[in-house]
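[1] Kindly generate the corresponding structure for this input.
(one chain, ligands or ions: 1)
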Amino acid sequence: MNIIMLGGPGAGKGTASTELSKDLKIVHISTGDIFREAIKNETELGKKIQDYMNRGVLVPDEIVNDVVKERLQAPDCANGVILDGFPRTKQQAEVLDRIFEESGKKLDAAIELSIPDEDIIKRLSGRRICSNKECGAIYNVVTRPPKVENVCDVCGSALYIRKDDNAETVKVRLEEYHRTSKDLLEYYRKDNRLKTVYPKIDSSVESLMNEIKKILEI
Ligand code: AMP
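    Below is the predicted model of the structure:
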């Protein structure tokens, strides 16, 4: 199964993708995670994209498309993928359709997590992420706190705050989302591929996953 998760920053794409990836036993590919890792390792890609990421603006389509194209050729993608944070523009969506077509695959579902801006701001200001890359569990100090402050319930690693989860950058990221998402969502809506879920700020992960699974008929 090939699935894409759409929605603004902090809508829950990462959490839903992690859960789905476990359930369906298919890989979870987050372009944001790939970029953060590249910055951490100071690779050529990392140097190219660092400034965009820090400002909260989108990385140019050509760079993102090349990264995704290469990643999708890896053998672990053969059984399907969950793309989290890609596509973010209509141009990226068109490229993705072409990539799938060229490899005899297709997109099974485009799931949009739609939440109001004020909920996004609340969620991102309290977001804490597990520093263990293999785990990557996501918490919120208000709505989904870890049992022990700053410690991951799942693997015991320390939690961290994303550099771009500060109020100023969140504002830019939201503006970027509104600037680009209209055409993107319309691209998938026009041929009925778009399915929208409206998570509440206090929705449990379980109830969100139940809704998504209903859509996917799994
Ligand atoms: P995320 O982890 O999905 O919130 O992404 C963090 C940042 O990475 C974004 O604010 C962008 O700067 C960059 N980014 C991630 N995915 C994309 C994409 N598909 N297109 C452009 N920029 C992206």
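[2] Please see if stretch 7-18 touches the ligand.
    Yes. Residues of stretch 7-18 contacting the ligand under CB under 6 Å from any ligand atom: residue 9. Where you see a C-beta, it was placed from the backbone N, CA and C, and this is true even at glycine.
[3] where's that stretch relative to the chain centroid, distance-wise?
    5 Å (CA atoms, centre = their mean, to the nearest Å).
[4] residues in contact with that stretch?
    5-6, 28, 30, 82, 84-85, 111-115, 117, 120, 123-124, 127, 136-138, 170, 173-174, 177, 181, 199, 205, 208-209, 212 (CB atoms under 8 Å, 6 or more residues apart in numbering).
[5] In the protein, spot the helix with the most residues.
    helix 167-189 (DSSP state H).
[6] which other helices and strands contact the helix or strand just after it?
    Remark: after helix 167-189, the chain's next helix or strand is strand 194-197, criterion DSSP states H and E. Packing contacts for strand 194-197, counted by 3 or more CB pairs under 8 Å, 6 or more residues apart in numbering; DSSP states H and E, involve strand 109-113, helix 205-216.
[7] which of those is buried the deepest?
    Among those, strand 109-113 has the highest mean neighbour count (mean count of other CB atoms under 10 Å), at a mean of 21.
[8] Then residue 120 would be within a strand, right?
    No. Applying DSSP: H, G, I helix; E, B strand; the rest coil, one finds residue 120 to be helix, outside a strand.
[9] What residues does it make contact with?
    Residue 120 touches 8, 9, 10, 11, 170, 174, counting by CB under 8 Å, 6+ apart.
[10] so how far is the ligand from it?
    From residue 120 across to the ligand, the span is 11 Å (CB to the nearest ligand atom, to the nearest Å).
[11] sec struct for whatever residue of the chain ends up closest to the ligand, please.
    Distances between the chain and the ligand by CB to the nearest ligand atom are smallest at residue 32, namely 1.9 Å. At residue 32, secondary structure determined by three-state DSSP is helix.
[12] Contacts only, for it.
    Taking CB under 8 Å, 6+ apart as the test, what residue 32 contacts is 84, 85.
[13] could you pull out the strands for this structure?
    Here the chain has its strands, by DSSP state E, at 2-7, 27-30, 81-84, 109-113, 127-130, 138-140, 159-160, 194-197.
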